[in-house]
Structure formats: C-alpha cells, structure tokens
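Undergrad: Pasting a predicted model and its sequence here:
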Amino acid sequence: MADIKGIILDVDGVIVGEKIGFNSPWPHSDVISKLKEIRKKGIPISLCTAKPYFSIEKIIRDANLDNYHIADGGAVIINPVTNKIVKQYILNKNLVKKILQTYIENNVYVEIYTVNNYYIQKSQENFITSKHNHILQHKPVKLEDIVKESEKLDITKIMPIAINENADKIRLTEMFENLNTGLTLSWGIHPIANPLRFGIITAKDISKKQGAIEISKNINVPLENILAVGDSTSDWQFIDLCGFGAAMGNATQKLKELVSSKASEHFYIGKNVDENGVIEILNYFIK
C-alpha cells in the first residue's frame, strides 16, 4: 500500500520489551523473522538507539540487517556486519574531563563510551551496573580513575544516570547546563530500568534526528519514503522527518498524538511491545 523503501526502528520499547525471556534482552523470534522477511524484499531496516552498536549487533546479525544503523544516540553510524563506520563524533577530551569531574565529585553514576566499549569508575560499581549489564548485554571496563584515564580514549558519548525522573534528573541536567560545554544532552528510558533515567551527552547537534538524515543519505532513500517507529516523545524528532510514522501501544500519549498528525494512511498506532506490536505495524504498511 505505502511507497516505503526504508525503515528506521527505535529499539527499546519497540522491538525489545521488559518480559525477560520473551522480548528481553533480545526481540521475540517472531519479530526477528518479520524483520528478516522484510529485509529479503530489499528494504533496508535501520535500528536507531542510544545504546552502543555492540549491544544491538546480535539483533542486526540475527535479522540479516546488513545496512547502516544509528547508535549512541546518533554519535555513531555503522554497519556492524561489514564493520564500516560512516560517522563517529568524538568528544573534546578537555570537555569530557570537565563533565566527568563534576559528576564524580557530586556522586553521580556515570559511564563513558567509545565505539567498541564502555567504561565506569571502579568505585562506583553498584546495582545500576548490573541493571545496565542486562540492558547492554556487555560488561563495562572498570577504571580506577575515569577522569584521568578518559584522556587515552576517543569518547563518543557520556552517560550520567539519574535515579528518578524528577529531582535527580533535574539535578543532573542543571549540573550539565552550568558547565556551558556546548554539547548536547538528551534523556532516555528502558522498560526494565524504571525509574532510572539515562542521560545521553554527545557532540553538538548530534541526535537521532541527525542520525536519520545520515541513514537516508547512506541507504539512498528519501526521507519521504521511510517508515519510522518509536515509543517515546523524543522519538518524534526522527519520526517527524519521515514520510510514514508509527507509535507503539506502549508509547506516550503525546507521541501517539504527534504521529496521528501525519496524513491519513501515513501513520499507525500499533499494539504494545510485549504483544509484538511492531509486527502489526509492519504488516499494515508493507504487504
């Protein structure tokens, strides 16, 4: 029905849910089969996530998604199958040290990311570490002094983690804004990690929106012919760019309203992620 030649899918809350063993840490087998089926038709499917690429590589390989993907909130554009990196935005080392010093001094749990790994300060290891191990399916490298040792690394993302949506998230945001680094801070969630909130600090103007623009260029498909699917209000930044948009049943009400503003037959509201709702969405748009 729809003239869709490319797809961009958010990961957590769209193809990965909170039912461990059903759709967590990996998508349900029926979802993987559907992605493989569509990819066989020659339609590129790009995953879009704040996670590092190594945390979605298994999904990419299982579903044969041999094309470019958006990782680290847009800081890395990569095809893990061919190991080709289209874009990677490295943060200024002095700014990294400045941010880390502030968060560490204020007892904020913080992680740093390179393209191929992520790191924590050894003294900060706690319940958040084990929770994030499950989400990322990857253990961090533990550093004795993350501020000092960050100088040796090419950092693409800094992730301060707030313990709740309200007071602590506000506190961490204010700390960042007071530093006047010129970098970008956005926030993400994960279904199994509530009430934790994950800060995503990247280079200026780097976002999933910019990532979608890069994907469009690199798969040679106009944005007007791309279907984008998400579950959080922040996903609108890239869904808005695309000609077709869908929200999961578990999406925020605001995102559902925004998606519904697209032209008739160019939007759809699917079922919950824990009902494999993305399959219903894909069936609606692609016959």
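TA: Okay, I see it.

Undergrad: Only C-alpha atoms from now on, for both contacts and neighbour counts.
TA: Fine.

Undergrad: my read is Asp3 is in a helix, agree?
TA: No - counting by DSSP: H, G, I helix; E, B strand; the rest coil, Asp3 falls outside a helix, being coil.

Undergrad: And for it, the neighbour number?
TA: 14 (other Cα atoms under 10 Å).

Undergrad: just checking, it touches Asn225?
TA: Yes - using Cα atoms under 8 Å, Asp3 is in contact with Asn225, at 6.1 Å.

Undergrad: so how far is stretch 46-64 from its chain's centroid?
TA: 10 Å (Cα atoms, centre = their mean, to the nearest Å).

Undergrad: Also stretch 27-44?
TA: On Cα atoms, centre = their mean, the centre of stretch 27-44 falls 19 Å from that of its chain.

Undergrad: Kindly report the same for stretch 163-176.
TA: 20 Å.

Undergrad: buried sites along that stretch?
TA: 163, 168-169, 172-173, 176 (16 or more other Cα atoms under 10 Å).

Undergrad: again with stretch 113-123
TA: 113-115, 117-121.

Undergrad: Return the distance of Glu57 relative to Ile70.
TA: 12 Å (Cα to Cα, to the nearest Å).

Undergrad: hmm, I was thinking of Tyr103
TA: Counting by Cα to Cα - Tyr103 and Ile70 are separated by 27 Å.

Undergrad: more crowded one of these two?
TA: Ile70 (31 against 18).

Undergrad: ok, Ala162 touching Met175?
TA: No - in this structure, Ala162 is not within contact of Met175 by Cα under 8 Å, at 12.0 Å.

Undergrad: Which neighbours do these two have in common?
TA: Here Ala162 and Met175 share no contacting residue, scored by Cα atoms under 8 Å, 6 or more residues apart in numbering.

Undergrad: Which SSE is immediately downstream of the helix or strand harbouring Ser130?
TA: Element membership of Ser130 [criterion: DSSP states H and E] is helix 127-136. Sequence-wise, the next helix or strand downstream of helix 127-136 (DSSP H and E) is strand 141-143.

Undergrad: who does that next one touch, helix- and strand-wise?
TA: strand 118-121 (3 or more Cα pairs under 8 Å, 6 or more residues apart in numbering; DSSP states H and E).

Undergrad: from the chain's centre, how far out does the strand it packs on sit?
TA: Going by Cα atoms, centre = their mean, where strand 118-121 is centred and where its chain is centred differ by 19 Å.

Undergrad: What are the boundaries of the helices in the stretch 51-200 of the chain?
TA: For the stretch 51-200 of the chain, the helices defined by DSSP state H, counting those that start in this stretch occupy 57-62, 93-105, 127-136, 146-149, 167-179.
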